[in-house]
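Student: got a predicted structure plus its sequence, pasted below:
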Amino acid sequence: MDETRVGRAVGAAVALYGSLVCNALAGPVPPSNTGNFVVTSARGSAMTVYDRDGRWIDRLRSDELSAPSGVVIGHDGRVFIANEATQEVLAFEGDECVQVFSDPQLLSPQGLAMIGDTLWVCSSGNDRLLGFGLDGSLRAVASGGGLRSPRSVTADWGSLYVTTPGSQFIYRFDGGGRFIKRFTGGGLLAPGGITRSAGNRLYVSDPRRSKVLIFSTGGDELDEIAHRDLAGAGPLAFDDRGHLFVATPGSILELNRQGERVRRITAGRMSADGGIAFAATPYADVDDDGAVTVIDFSIAAANWGRCSGQCEGDVNRSGAVDLDDLFILIRRID
């Protein structure tokens with residue numbers, strides 16, 4: 001992009017920002033996505049729902065659920081659950097199973113993640129990940145790099161990051177399933193789970209040493225969170241306040257942005273050995289610098305309109321950079 005176009009984009013972004021901020025309270029500003037979260041329990045064959053303050057709301061025990069593991073909530077609100085015992089992924093709307101994803105290559109499904117409209121599933125039984133379209137069709141397969149028995153996966157705009165308890169490495173694949181690299185650090189031995197923050201950092205639980213290790217998406221070791229309550233840490237996920245929720249044996253530990261303990265959640269016959277997920281949160285931090293600033297608005301303005309696949313500025317992943325994206329940016333401006 002040349003300097004003239006950048007200048008125009010920044011000018012347009014500033015103008016749009018000023019205009020929209022003045023009128024935001026009168027318009028349909030989307031509510032925050034921080035709210036209920038779900039926890040799956042393989043041993044209990046159930047899904048438990050909590051509110052943002054950790055209060056138990058409901059417990060779903062469906063006839064279809066059998067040894068549920070990974071879970072992710074789609075942008076349409078559907079809850080996708082890896083059902084290990086039946087070698088399937090189930091999609092729920094409320095307490096009703098509305099769709100089943102299956103394929104002969106899908107063996108012992110575990111962690112789940114989404115890139116755009118592709119649902120990626122860790123197929124632990126045959127050392128790969130499968131990418132499904134939301135119509136149930138198999139789109140892509142990711143394997144290689146020495147990956148064995150993948151257990152947990154997270155994603156950004158165009159990459160998958162995968163861990164397995166049998167390896168100290170984090171494996172990176174592109175959005176089409178091609179292996180890119182693997183990396184490790186911080187004495188990581190057997191990761192229990194992985195998630196990505198809006199600030200472009202990877203958080204990896206280290207259950208043997210009661211830690212969460214922090215990496216850049218490029219593989220650099222950045223920091224760690226050490227806490228005795230992180231013993232046995234497994235799946236983990238962020239809400240849109242930047243609070244980290246970590247599944248530990250019999251509880252969920254909530255940590256604030258500074259890595260300090262907020263609360264331990266134990267209600268609802270907790271058995272957090274499957275997965276944990278919040279409603280899909282738009283990544284308003286477009287340039288991944290850890291803050292929402294005018295630069296994010298300028299990127300959105302420069303990519304205004306329809307886009308093929310994912311593009312910078314399409315923070316709600318609708319396939320277009322439009323007013324909805326700008327409203328989300330406004331709500332999250334730093």
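Tutor: Happy to help now that I have it. Since this is a predicted model, take the numbers as computed values, not measurements.

Student: so where do the helices sit in the stretch 151-300 of the chain?
Tutor: 294-302 (DSSP state H, counting those that start in this stretch).

Student: poorly predicted segments of it, please.
Tutor: Scanning the stretch 151-300 of the chain for pLDDT under 70 picks out 268-273, 280-285, 287-291.

Student: can you show me the strands along it?
Tutor: 152-155, 159-163, 170-174, 179-183, 193-196, 201-206, 211-216, 221-226, 236-238, 244-248, 251-255, 261-265, 275-278 (DSSP state E, counting those that start in this stretch).

Student: and the angle from the third one to strand 159-163?
Tutor: Note on geometry: by axes from the mean of the first three to the mean of the last three C-alpha atoms, to 10 degrees, strand 170-174 and strand 159-163 are set 160 degrees apart in direction.

Student: which neighbours does strand 170-174 have in its sheet, and in what orientation?
Tutor: strand 159-163 (antiparallel), strand 179-183 (antiparallel) (DSSP bridges).

Student: just put the ones you listed in TSV and tack on distance to residue 147 and mean neighbour count.
Tutor: Any C-beta I mention is one placed from the backbone N, CA and C, and that applies to glycine too. Listed next are these as TSV, based on distance: least, C-beta to C-beta, whole Å; neighbours: other C-beta atoms under 10 Å:
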stretch	distance to residue 147	mean neighbour count
strand 159-163	7	24
strand 179-183	8	16
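
Student: I'd like to know which of those lies nearest to residue 143.
Tutor: Closest of the strands paired with strand 170-174 to residue 143 is strand 179-183, at 7.5 Å (criterion: C-beta to C-beta).

Student: residues contacting the closest one, please?
Tutor: If you take C-beta atoms under 8 Å, 6 or more residues apart in numbering as the criterion, strand 179-183 is touched by 142-147, 159, 169-174, 215, 219.

Student: centre of the chain to it, how far?
Tutor: 19 Å (C-alpha atoms, centre = their mean, to the nearest Å).

Student: cool, and stretch 254-273?
Tutor: Put simply, stretch 254-273 sits 17 Å off its chain's centre (C-alpha atoms, centre = their mean).

Student: just the CA trace of that stretch, in PDB.
Tutor: The C-alpha trace of stretch 254-273 is given here as PDB (Å, rounded to 0.1, in the frame of the first residue of the first chain):
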ATOM      1  CA  GLU A 254     -10.200 -17.300  36.500                       C
ATOM      2  CA  LEU A 255      -7.100 -15.000  36.100                       C
ATOM      3  CA  ASN A 256      -7.200 -11.200  35.300                       C
ATOM      4  CA  ARG A 257      -5.000  -9.500  32.700                       C
ATOM      5  CA  GLN A 258      -2.100  -9.400  35.200                       C
ATOM      6  CA  GLY A 259      -2.200 -13.100  35.800                       C
ATOM      7  CA  GLU A 260      -3.700 -12.700  39.300                       C
ATOM      8  CA  ARG A 261      -6.300 -15.000  40.600                       C
ATOM      9  CA  VAL A 262      -9.900 -13.600  40.500                       C
ATOM     10  CA  ARG A 263     -11.800 -16.700  41.600                       C
ATOM     11  CA  ARG A 264     -12.000 -20.400  41.500                       C
ATOM     12  CA  ILE A 265     -15.300 -21.800  40.000                       C
ATOM     13  CA  THR A 266     -16.500 -25.100  41.400                       C
ATOM     14  CA  ALA A 267     -20.300 -25.000  41.100                       C
ATOM     15  CA  GLY A 268     -22.400 -27.400  39.000                       C
ATOM     16  CA  ARG A 269     -20.600 -30.700  39.800                       C
ATOM     17  CA  MET A 270     -17.600 -29.400  37.900                       C
ATOM     18  CA  SER A 271     -15.500 -31.900  36.000                       C
ATOM     19  CA  ALA A 272     -13.500 -29.800  33.600                       C
ATOM     20  CA  ASP A 273     -11.700 -32.600  31.700                       C
END
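
Student: before we move on, the earlier item: in TSV: the strands of the stretch 151-300 of the chain, plus distance to residue 327.
Tutor: Output for these, formatted as TSV (distance: least, C-beta to C-beta, whole Å):
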stretch	distance to residue 327
strand 152-155	24
strand 159-163	27
strand 170-174	30
strand 179-183	34
strand 193-196	23
strand 201-206	26
strand 211-216	30
strand 221-226	31
strand 236-238	21
strand 244-248	26
strand 251-255	28
strand 261-265	28
strand 275-278	20
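
Student: many thanks, have a good one.
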